[in-house]
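J.: below: sequence and its predicted model.
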Amino acid sequence: KSDPPNVLESDSSNGLKGDPSNGLRADQRKPNELRRIYLESNVINQASGSAYVELSNTKVICAVYGPQAINSDRTFSKEGQLRCDVKLSPFASSIRPEQRGQSEEELELSLMLHQALVSSIRLEMLTKSTVEVYVSVLADDGGVLGAAISCASLALADASIELYDLISGCTVGYCNGKLNFDPTIKEENDANGLMTMSAMASTKEVTQII
Amino acid sequence: RTKMNSAKNLLNGVSISESERQFIIAGIEGGIRQNGRKCLDYRSISVEANVLPQSNGSSRVNISNGATHVIASVKLEIGQPDQCSPTNGKVEISVECSKSLFENFEDRSQDLNASLTNVLKKSIVKSGAVDLESLGIVPQRFCWVVCIDLLILQADGNLIDACSFAAYVALRTTIVPKTVLVEGNGENESDLADFEIEGELSQSSRLVGAEKVPICITLNKIGSHFLVDGSIEEETCAEASLTVSVSRDGMICGLNKSGTGSIPFDLLSGIAQGANGLALSIFPVLDECVENSVTSERFV
């Protein structure tokens, strides 16, 4: 079931709600426990394919348009092209960004998403075509890139684009010698190190690691 | 399944023919690279420090006698600290490709600059090596902003590694002028604290934490082999590349994968270990340049 956003949740920044002696985290999860995932496809009618992913409070929606014809002034390419665009909504994180236009973070996320997805798409079947993937982050509570990758992969499948496999992404945080799977944004900020990885399950290959 | 990689390095606009691509790949499967190197061999590297008299720190890295040529400059500016950390300074980094790298006059450098800047920012700025607290001058009002600028004059592959070596040496040789707090002479309450910069070179210090700055080792995947220090043709043939950012004490500070291919799971930890070993062989060259102020060279 879809989780509504917790607007009136109390701020837990003044202490850990979890019990350290039990090894539980602030939201009562074990270190290797993921958050509840909600997935839904075909949420945007006018897109070729779409998907919506919720990792508890991280909410990401993706629309795929394609395959579409490339503009004729571009050079001919035997393979299809993939274009990715990630947009962080102004209300996605707790601080509203001031600058307009694409921020550096969005540019980097778009590039990471492109690299994660491109090896799973059978682009050689889409000569002279382009596939456009638009991801919108509605709420950021950690694990955004992983959620965006999974969401985009699901949307591509919903658009009936030939894929080798679906790609799933996940984030792990390293804090004080412990590994926390699927960290919330507060755990991400406190972590000494973070790693996001995406992979194709069937071929056991990593498509993105950062 | 067959994978068709378009053998065109979109960022640099270098394209190689299919037969040259096959030649390079077949050579690597047989363990030999273009100039006879083995997979984990570097080309000759030459590092020089203090090349820019106007900057607080600077360095120049030359791979293979100028095939890849990068200049790094570190300038310290006075800025205002962030509100959330009023006693800390800041570190900023930017990478720029000289326009002479591109055949056409189009501005294709934007993407390349942005991606290089991102990788180096994660490696040097976000890893928190440089001690920010030592860069504060007057809490809430003044702090040092360390601006690292890298200029790529010539590119024949391995840009990220060359930039990270140059940045490391420049940061290690950066001179931070001594600041002395004095009483301000304004009427407002905010002018109560001011500072002066001591002009004496003997009073200056080095950047705290510069020896913890990591360097990047990029490994390009061709077939089932990983190459270090790829030339531009080898990088164009590579399916994917993994940049591992390693610090002097062998800690991995960052990972970055680029390229459209994928890397099998079981090779990942082997790559990280390999990168560690390679970094340990590069650090002595860089340190020798820093400590003895000589042009340190490492030949093939």
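T.: Arrived safely.

J.: quick check: residues of chain A near chain B?
T.: Counting by C-beta under 8 Å from any C-beta of the partner chain, the residues of chain A close to chain B are A:77-79, A:104, A:107-108, A:111, A:114-115, A:118-119, A:123-124, A:164, A:195, A:199-200, A:203-210. Every residue, glycine included, has its C-beta placed from N, CA and C.

J.: filter these down to the buried ones.
T.: For the residues of chain A next to chain B, a burial check counting by 16 or more other C-beta atoms under 10 Å in any protein chain shown picks out A:77, A:79, A:107-108, A:111, A:114-115, A:118-119, A:123, A:164, A:199-200, A:203, A:205-210.

J.: quick one: secondary structure of residue 34?
T.: This is for chain A. Each residue gets one of three states, and A:L34 gets coil by DSSP: H, G, I helix; E, B strand; the rest coil.

J.: hmm, no, I was thinking of chain B.
T.: Under three-state DSSP, B:Q34 comes out as coil.

J.: just B:C163 next, same as before
T.: On the three-state scheme (three-state DSSP), B:C163 is labelled helix.

J.: and for it, the neighbour number?
T.: Using other C-beta atoms under 10 Å in any protein chain shown, B:C163 has 29 neighbouring residues.

J.: any idea which residue of chain B lies closest to chain A?
T.: Relative to chain A, the nearest point of chain B is B:S262 (3.7 Å; C-beta to the nearest C-beta).

J.: which ones among the buried ones among the residues of chain A next to chain B map onto strands?
T.: Members of these lying in strands (criterion: DSSP state E): A:199-200, A:205-209.

J.: check residue 59 and give its pLDDT.
T.: Defaulting to chain A. Note on A:K59: pLDDT of 91.

J.: that's the wrong chain, I wanted chain B
T.: pLDDT, B:S59: 92.

J.: likewise for the one 10 residues further on?
T.: At B:H69 the predicted local distance difference test score is 89.

J.: tell me the spacing between it and B:A166.
T.: Going from B:H69 to B:A166 by C-beta to C-beta, to the nearest Å gives 10 Å.

J.: what do you get for B:A49?
T.: B:A49 sits 10 Å away from B:A166, going by C-beta to C-beta.

J.: common neighbours of these two, please.
T.: Counting by C-beta atoms under 8 Å, 6 or more residues apart in numbering or on different chains, the shared contacts of B:A49 and B:A166 are B:S59.

J.: compare the two (neighbour count), which wins?
T.: Higher neighbour count among B:A49 and B:A166: B:A166, with 29 against 24, using other C-beta under 10 Å.

J.: thinking again about what came up before, shared neighbours of B:H69 and B:A166, which are they?
T.: By C-beta under 8 Å, 6+ apart, B:H69 and B:A166 have these common neighbours: B:60-61.

J.: helices of chain B, residue ranges please.
T.: Taking DSSP state H, the helices of chain B run over residues B:18-29, B:109-120, B:159-172, B:232-237, B:268-292.

J.: what would these look like in a markdown table with mean pLDDT and distance to B:L201?
T.: Formatted as a markdown table, the helices of chain B follow (pLDDT from 0 to 100; distance: least, C-beta to C-beta, whole Å):
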| stretch | mean pLDDT | distance to B:L201 |
| --- | --- | --- |
| helix B:18-29 | 89 | 50 |
| helix B:109-120 | 82 | 29 |
| helix B:159-172 | 92 | 17 |
| helix B:232-237 | 86 | 41 |
| helix B:268-292 | 86 | 17 |
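
J.: nearest to B:R141, of these?
T.: Nearest of the helices of chain B to B:R141, taken as C-beta to C-beta: helix B:159-172 at 24.9 Å.

J.: helices or strands next to the closest one in the packing?
T.: With contacts taken as 3 or more C-beta pairs under 8 Å, 6 or more residues apart in numbering or on different chains; DSSP states H and E, helix B:159-172 sits against strand B:45-49, strand B:57-63, strand B:68-79, helix B:109-120, strand B:142-154, strand B:215-222, helix B:268-292.

J.: including distance to A:C151, could the ones you listed go into TSV?
T.: Output for those, formatted as TSV (distance: least, C-beta to C-beta, whole Å):
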stretch	distance to A:C151
strand B:45-49	43
strand B:57-63	41
strand B:68-79	38
helix B:109-120	22
strand B:142-154	35
strand B:215-222	27
helix B:268-292	24
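
J.: so for B:I197, which of the ones you listed sits nearest?
T.: Closest approach to B:I197 among the helices and strands packed on helix B:159-172 is made by strand B:68-79 (8.9 Å; C-beta to C-beta).

J.: got the CA coordinates for that closest one in PDB?
T.: The C-alpha trace of strand B:68-79 is given here as PDB (Å, rounded to 0.1, in the frame of the first residue of the first chain):
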ATOM      1  CA  THR B  68      48.600  14.200 -21.100                       C
ATOM      2  CA  HIS B  69      49.500  17.600 -19.500                       C
ATOM      3  CA  VAL B  70      47.700  19.000 -16.500                       C
ATOM      4  CA  ILE B  71      48.400  22.100 -14.400                       C
ATOM      5  CA  ALA B  72      46.900  22.600 -11.000                       C
ATOM      6  CA  SER B  73      46.800  25.800  -9.000                       C
ATOM      7  CA  VAL B  74      45.700  26.300  -5.500                       C
ATOM      8  CA  LYS B  75      44.700  29.900  -4.500                       C
ATOM      9  CA  LEU B  76      43.500  30.800  -1.000                       C
ATOM     10  CA  GLU B  77      40.800  33.500  -0.900                       C
ATOM     11  CA  ILE B  78      39.000  35.100   2.000                       C
ATOM     12  CA  GLY B  79      35.400  34.100   2.200                       C
END
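
J.: quick one: it to strand B:45-49, angle?
T.: Comparing the axes of strand B:68-79 and strand B:45-49 via axes from the mean of the first three to the mean of the last three C-alpha atoms, to 10 degrees yields an angle of 30 degrees.

J.: what strands line up against strand B:68-79, and which way round?
T.: The strands beside strand B:68-79 in its sheet (DSSP bridges) come out as strand B:57-63 (antiparallel), strand B:142-154 (antiparallel).

J.: winner for burial among the ones you listed?
T.: A comparison of those by mean neighbour count, using mean count of other C-beta atoms under 10 Å in any protein chain shown, puts strand B:57-63 on top with a mean of 25.

J.: give me the most central residue, chain A.
T.: Closest to where the C-alpha atoms of chain A average out (C-alpha atoms, centre = their mean) is A:A148, at 1.6 Å.

J.: any idea what the residue of chain A at minimum distance from chain B is bridged to?
T.: Residue nearest to chain B within chain A: A:E205 (3.7 Å; C-beta to the nearest C-beta). With DSSP bridges applied, the residues forming beta bridges to A:E205 are A:M200, B:P264.

J.: pretty sure it sits against B:L267.
T.: No - using C-beta atoms under 8 Å, A:E205 makes no contact with B:L267, being 9.6 Å away.

J.: where exactly do the helices run in chain A?
T.: Assigned by DSSP H, the helices in chain A fall at A:104-118, A:144-158, A:185-190.

J.: which residues of the stretch 101-250 of chain B score low on pLDDT?
T.: Applying pLDDT under 70 to the stretch 101-250 of chain B picks out residues B:102-109, B:184-193.

J.: wait, B:R37 sits on B:I28?
T.: No - using C-beta under 8 Å, B:R37 is not in contact with B:I28; the gap is 10.3 Å.

J.: tell me the contacts of residue 93?
T.: All of this refers to chain A. A:140, A:185.

J.: my bad, chain B
T.: With contact taken as C-beta under 8 Å, 6+ apart, B:I93 is in contact with B:117, B:120-121, B:124-125, B:147-150, B:167.
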